[in-house]
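Q: Show me the folded form of this:
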Amino acid sequence: MSTEVELDDLNSNLKDDKVNKPLLPVSSMHRKKKEEKNETMIIALVITFYWVCSMSVVFLNKYIFSYADYEFPFPLFVTWYQFIVALVLLIITGYSKLKIFSIVPPFEFKSSIVFKILPLTAIYVGMLTFNNLCLAYVEVSFYQVARSLTIIFNIVFTYLILHNKTSPAAMGACAVVFFGFIMGSYGESHFSLPGLIFGICSSIFVALYGIFVKKKLQVVDNNEWRLLHYNTTLAIILLFPILLFSGELGGIKSVYLDLTPKFWLIMTLTGITGFLINIATFLQIKFTTPLTSTISGTAKACTQTVLSVIIFKNPITFTNGFGIFLVLFGSLLYSLIRYYKI
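A: Just a heads-up that it's a prediction; the model follows:
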């Protein structure tokens, strides 16, 4: 308001010998104000869209594993099925004429590129598979803690592979995360050692993926959607023999007739929201700053934890809650330190 008054005063005081010429026309001022309001609304919608997609995947997967009419303890099959849904959507959106899908290029799968991408896909499969395995064994409220060591593994692999050192300030933030990981694990009411191990494995693969994806993006001209074509297709191929040897298909056969259309609808919906995360991430990068994304990610994790307590009735002890707080605080602190290059 004060800026608007100052501009009005300037407009009334600036006079020419022949005609009064405002420094900034009133119509331009209103247009600028409207554009700023629209920009703020777009940012809010983009962040909300990302939150909804991200939390929906976690909650829907957990519902499938533990809370559906028939519990479906087959995380490998769930992961594989969601890859298939994602591939179908990639093909459809790649050839769609809708403007919102213009960012997705037509589907491609060239043999000359396949073998260059294959090592990254193996990491990609490990990342998403262990992610779902972790979620199948732990409560959603503990999920963030179980996978919180990504930052620490990222520092380790950055030093071992890229030979880059981390600042003392960032190391201090990692210490906060690690202490939160210990406290959160110690105070967890429904502690699961397999779930914790799967969470640690997920953290390792997430850290590795973050390092190697930068190198492999060059193979597809730095187009993340083209990379997703190869990753998704190869992931379906790589995960299938693992699915066969795991014995999950045998377990699914025994309960297949009991699975309702509602169950398959939720499975498919989870695959769709998983695909939409890619679009939400693209939009968030386009319309927000890295700092906004960092703060948004931390706020989303807090909201997800609170909602998990409300929806799934996950019990949280004081020690567990304080551990979760330290993990989220340390992660935010680490991101801010990296952003400001402290």
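
Q: can we go C-alpha only for contacts and neighbour counts from here?
A: Fine.

Q: Helices of the protein, start to end?
A: 2-13, 26-62, 75-94, 111-137, 140-146, 150-161, 168-186, 193-216, 224-246, 248-255, 261-287, 290-312, 318-340 (DSSP state H).

Q: Mean neighbour count added to those helices, as TSV?
A: Output for the helices of the chain, formatted as TSV (neighbours: other Cα atoms under 10 Å):
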stretch	mean neighbour count
helix 2-13	12
helix 26-62	16
helix 75-94	20
helix 111-137	20
helix 140-146	26
helix 150-161	18
helix 168-186	20
helix 193-216	20
helix 224-246	18
helix 248-255	13
helix 261-287	18
helix 290-312	16
helix 318-340	20
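
Q: Now the weakest link among those, please, by mean pLDDT.
A: Of all these, helix 2-13 carries the lowest average pLDDT, namely a mean of 40.

Q: Could you export the helices of the chain to JSON lines, including columns for distance to residue 104?
A: Output for the helices of the chain, formatted as JSON lines (distance: least, Cα to Cα, whole Å):
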{"stretch": "helix 2-13", "distance to residue 104": "42"}
{"stretch": "helix 26-62", "distance to residue 104": "18"}
{"stretch": "helix 75-94", "distance to residue 104": "5"}
{"stretch": "helix 111-137", "distance to residue 104": "18"}
{"stretch": "helix 140-146", "distance to residue 104": "30"}
{"stretch": "helix 150-161", "distance to residue 104": "29"}
{"stretch": "helix 168-186", "distance to residue 104": "36"}
{"stretch": "helix 193-216", "distance to residue 104": "18"}
{"stretch": "helix 224-246", "distance to residue 104": "6"}
{"stretch": "helix 248-255", "distance to residue 104": "33"}
{"stretch": "helix 261-287", "distance to residue 104": "9"}
{"stretch": "helix 290-312", "distance to residue 104": "22"}
{"stretch": "helix 318-340", "distance to residue 104": "29"}
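
Q: okay, now residue 163: neighbour count?
A: Under the neighbour criterion other Cα atoms under 10 Å, residue 163 is assigned a count of 10.

Q: gap between it and residue 211?
A: Noted for residue 163: a distance of 12 Å to residue 211, by Cα to Cα, to the nearest Å.

Q: One more: residue 194?
A: As defined by Cα to Cα, residue 194 lies at a distance of 26 Å from residue 211.

Q: Check residue 299 too.
A: Taken as Cα to Cα, the spacing of residue 299 relative to residue 211 amounts to 25 Å.

Q: So what would you say the end-to-end distance of stretch 67-82 is?
A: From its first residue to its last, stretch 67-82 covers 19 Å (Cα to Cα).

Q: same thing with stretch 283-298?
A: Using Cα to Cα, first and last residues of stretch 283-298 are 18 Å apart.

Q: who's in contact with stretch 47-65?
A: Contact partners of stretch 47-65, identified using Cα atoms under 8 Å, 6 or more residues apart in numbering, comprise 71-75, 132, 135-136, 140, 263, 266-267, 270-271, 273-274, 276-277, 280-281, 284, 296, 300, 304, 308.

Q: CA atoms of that stretch as PDB?
A: The C-alpha atoms that make up stretch 47-65 are tabulated as PDB, following Å, rounded to 0.1, in the frame of the first residue of the first chain:
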ATOM      1  CA  ILE A  47       3.400 -26.500  -4.200                       C
ATOM      2  CA  THR A  48       0.000 -27.900  -3.200                       C
ATOM      3  CA  PHE A  49       0.000 -30.100  -6.300                       C
ATOM      4  CA  TYR A  50       3.400 -31.500  -5.300                       C
ATOM      5  CA  TRP A  51       2.300 -32.000  -1.700                       C
ATOM      6  CA  VAL A  52      -0.800 -33.900  -2.700                       C
ATOM      7  CA  CYS A  53       1.000 -36.200  -5.200                       C
ATOM      8  CA  SER A  54       3.900 -36.900  -2.900                       C
ATOM      9  CA  MET A  55       1.800 -37.700   0.200                       C
ATOM     10  CA  SER A  56      -0.800 -39.600  -1.800                       C
ATOM     11  CA  VAL A  57       1.800 -42.100  -3.000                       C
ATOM     12  CA  VAL A  58       3.000 -42.700   0.600                       C
ATOM     13  CA  PHE A  59      -0.400 -43.000   2.100                       C
ATOM     14  CA  LEU A  60      -1.900 -45.100  -0.700                       C
ATOM     15  CA  ASN A  61       1.000 -47.500  -0.700                       C
ATOM     16  CA  LYS A  62       0.800 -47.900   3.100                       C
ATOM     17  CA  TYR A  63      -2.900 -48.500   2.800                       C
ATOM     18  CA  ILE A  64      -2.300 -51.200   0.200                       C
ATOM     19  CA  PHE A  65       0.400 -52.900   2.400                       C
END
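
Q: how far out from the middle of the chain is that stretch?
A: Taking the mean C-alpha point of stretch 47-65 and that of its whole chain, the gap between them comes to 10 Å (Cα atoms, centre = their mean, to the nearest Å).

Q: Skipping its backbone neighbours, what lies nearest residue 302 in space?
A: Nearest residue to residue 302, sequence neighbours excluded (Cα to Cα, 6 or more residues apart in numbering): residue 328, at 7.5 Å.

Q: typed the wrong thing, it's residue 306
A: With Cα to Cα, 6+ apart as the criterion, residue 306 has its nearest non-adjacent residue at 7.6 Å, and that residue is residue 141.
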